[in-house]
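> model the structure of this input:
(chains A, B, C and D)
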Protein chains: 2
Amino acid sequence: MPRSRKLRTPEEPNRPAGLDTPDGRPPSFSVTVAVALVTAIEGEMRALLIRRSEPPEEGRFALPIGFVGGKESPEEAALRVLRKKAGVSDVYLAQLYTFGAPNRDPRGRVITVAYYALVDAGRLASLSPGEGAFLSALRVPWKGETGGPVEALGEAVGEGGASLPLAFDHGEILGMVVKRLRGKLHYAPVGFQLLPPAFTLRDLQLVHETILGQRLNKDSFRRSMLASGLLEPTGEIEAKVGHRPAAFYRFTQASAI
Amino acid sequence: MPRSRKLRTPEEPNRPAGLDTPDGRPPSFSVTVAVALVTAIEGEMRALLIRRSEPPEEGRFALPIGFVGGKESPEEAALRVLRKKAGVSDVYLAQLYTFGAPNRDPRGRVITVAYYALVDAGRLASLSPGEGAFLSALRVPWKGETGGPVEALGEAVGEGGASLPLAFDHGEILGMVVKRLRGKLHYAPVGFQLLPPAFTLRDLQLVHETILGQRLNKDSFRRSMLASGLLEPTGEIEAKVGHRPAAFYRFTQASAI
DNA sequence: TGAATAGTGTCTATAAGACAATATCCC
DNA sequence: GGGATATTGTCTTATAGACACTATTCA
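The predicted structure follows:
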């Protein structure tokens, strides 16, 4: 039973014992978080990107990233990064995937926990993203839940803008976000995190269509959403819309996704 | 552009620069993996547990765990742990969630990447798990995809065995596995990872019912599975079953879940 | 032959898609 | 009033559940 060393040394802090590694000693990692801040605007998925001003990947576009500090959880780090790099708080945040390939970062052993955050487009308009940060439109080159990387565009998808060079594996991460959201939509009311508190059925359908990348049947969508019990009318209706105003709804559940 | 230090020191390897942390310097982490090796036997979900023979959590029951080595990815570490602690290779492995709360482990800062592995019960019978390892039945105290921890039982669920004390947050991890599998079942043919290459529709239905924790309509299940195009008859039929033999099927897709 | 489950066919209930008709607002 | 979209209602089609009936094997 050689449980061995009880003493700590600076370069090897106290760690769980009795576990096996190839070289016998657990190596040290840096842990970072990457956050995909996603919204839906005018039928497009968009994500916050920041142009990198220094190596590595200088000049390429990256998700907000940051180290996990010594006294915070990865999730807290993600929220801190969102606050600092994107100027947003109180957003829905969920863990996506953890990357840790040995040669992922040439400068050392790094584990990255990727998160995605959802926010309604209206709130982003009044926020102050940091230097070089902007909302890039996403082009998804696959259907359904096939998966794979997505492209980030400088302009709106419909305007044929060139795709931006993405740093690291951030194109893959954004692709996983889209795939995850499409999956969630099958059984969870994802949409309301991308919408203001009150919205019309048309707004909700457009968000669903934007996430799924395909048109939906209007009648069926109305019926199923109204029958789901997740919506309740606010009593308000649209104003000044040039046509019959739609009723506003809110979600009856405060959480979900 | 103070990209600074190119030199490495033992206690602080070269790390990405230009990122913010509360204390200015990225701290070091140990990274571990925990693997839930899950199967379905006779209508029960089961997972491999190992009784811990040393602190912390001595005497409690834990998933197979291990450090991520210096030259392997977390996924490779998970496969290595499965091979060493459970004696299994060539299993379906998927990432589940990453845990990294600051006080998760009293001995230092640890990030744990949790995985789940699926294997058909027949294969486990011929394998040799390590010392103190066994397949524990899982009792799921919630319905649908509510989520929450599950209990591990020393005996079969139906036999009223006492629930075993689980180490760390492994009850939560197992609960997340069940929740994840139930979610996947809505849109992916999860079942075939828990079945041998050839199986009857009854076998498949029992696996689905075991995962979901509820009975399914036999007629609808048959129709939808056969209409899905995911199954094809092997041409073989059961033998010596005391009743009309069922046809064997195989999955037409080699991957999925 | 009987027990037991596999597999088929049919009917019904429910959900989804299509489409027409009406309602309501702003210009 | 005209344009535009919301909302309601009805009809059709697809899918899921219920159930009766036949088929096949082994004890």
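
> ok, A:Thr210 - contacts?
Going by C-beta atoms under 8 Å, 6 or more residues apart in numbering or on different chains, A:Thr210 touches A:Ala40, A:Gly43, A:Glu44, A:Met45. All C-beta atoms are positioned from the backbone trio N, CA, C, and that covers glycine.

> right, I mislabeled it, should have said A:Val119
By C-beta under 8 Å, 6+ apart, the neighbours of A:Val119 are A:Leu37, A:Val38, A:Thr39, A:Val88, A:Val91, A:Tyr92, A:Gln193, A:Leu194.

> re earlier: now, the most widely separated pair of the contacts of A:Thr210?
The span of these, defined through C-beta to C-beta, is set by A:Gly43 and A:Met45 at 9.0 Å.

> show me which residues of chain A sit near DNA strand C.
Proximity of chain A to DNA strand C (C-beta under 7 Å from any atom of the strand) is limited to residues A:217, A:219-220, A:223-224, A:227, A:237, A:239-245.

> re earlier: check the contacts of A:Val119 and tell me the two furthest apart.
Taking C-beta to C-beta as the measure, those span a maximum distance of 13.4 Å, between A:Val88 and A:Leu194.

> so which of the two has more stuff around it?
A:Leu194 (26 against 20; other C-beta atoms under 10 Å in any protein chain shown).

> on that earlier part again, of A:Gly43 and A:Met45, which one has the most company?
Between A:Gly43 and A:Met45, A:Met45 has the larger neighbour count (other C-beta under 10 Å), namely 24 against 14.

> name the element the more buried one belongs to?
strand A:44-51 (DSSP states H and E).

> that strand vs chain B: in contact?
No: Strand A:44-51 stays clear of chain B (C-beta under 8 Å from any C-beta of the partner chain), getting no nearer than 10.9 Å.

> partners of that strand in the sheet?
Here strand A:44-51 has these sheet partners by DSSP bridges: strand A:30-41 (antiparallel), strand A:61-62 (antiparallel), strand A:133-139 (antiparallel).

> need the contact partners of the last one.
Counting contacts by C-beta under 8 Å, 6+ apart, the residues outside strand A:133-139 that touch it are A:39, A:41, A:44-50, A:61, A:64, A:85-86, A:124, A:150-157, A:161, A:163-164, A:174, A:178.

> rewinding a little: gap between the strand holding A:Met45 and the chain center?
10 Å (C-alpha atoms, centre = their mean, to the nearest Å).

> do stretch A:107-119 as well
With C-alpha atoms, centre = their mean, you get 11 Å for stretch A:107-119.

> straight-line length of stretch A:50-61, end to end?
5 Å (C-alpha to C-alpha, to the nearest Å).

> list the buried residues in it.
A:Ile50, A:Arg51, A:Arg52, A:Phe61 (16 or more other C-beta atoms under 10 Å in any protein chain shown).

> ok, the residues you listed vs DNA strand D, which is closest?
A:Phe61 (34.3 Å; C-beta to the nearest atom of the strand).

> which residue packs closest to the closest one, ignoring adjacent ones?
The shortest distance from A:Phe61 to any non-neighbouring residue, by C-beta to C-beta, 6 or more residues apart in numbering or on different chains, is to A:Leu49 (4.3 Å).

> could you do A:Val140 as well?
Using C-beta to C-beta, 6+ apart, the nearest residue to A:Val140 is A:Val150, at 4.9 Å.

> which of the helices or strands spans A:Thr234?
Applying DSSP H and E, one finds A:Thr234 within strand A:231-237.

> chain center to that strand, what's the gap?
Using C-alpha atoms, centre = their mean, the offset of strand A:231-237 from its chain centre is 29 Å.

> counting contacts, what elements does that strand pack onto?
Applying 3 or more C-beta pairs under 8 Å, 6 or more residues apart in numbering or on different chains; DSSP states H and E, we find strand A:231-237 packed against strand A:247-251.

> what residues of the strand it packs on count as buried?
For strand A:247-251, by 16+ other C-beta under 10 Å, it's A:Phe248, A:Tyr249, A:Arg250, A:Phe251.

> cool, thanks, talk later.
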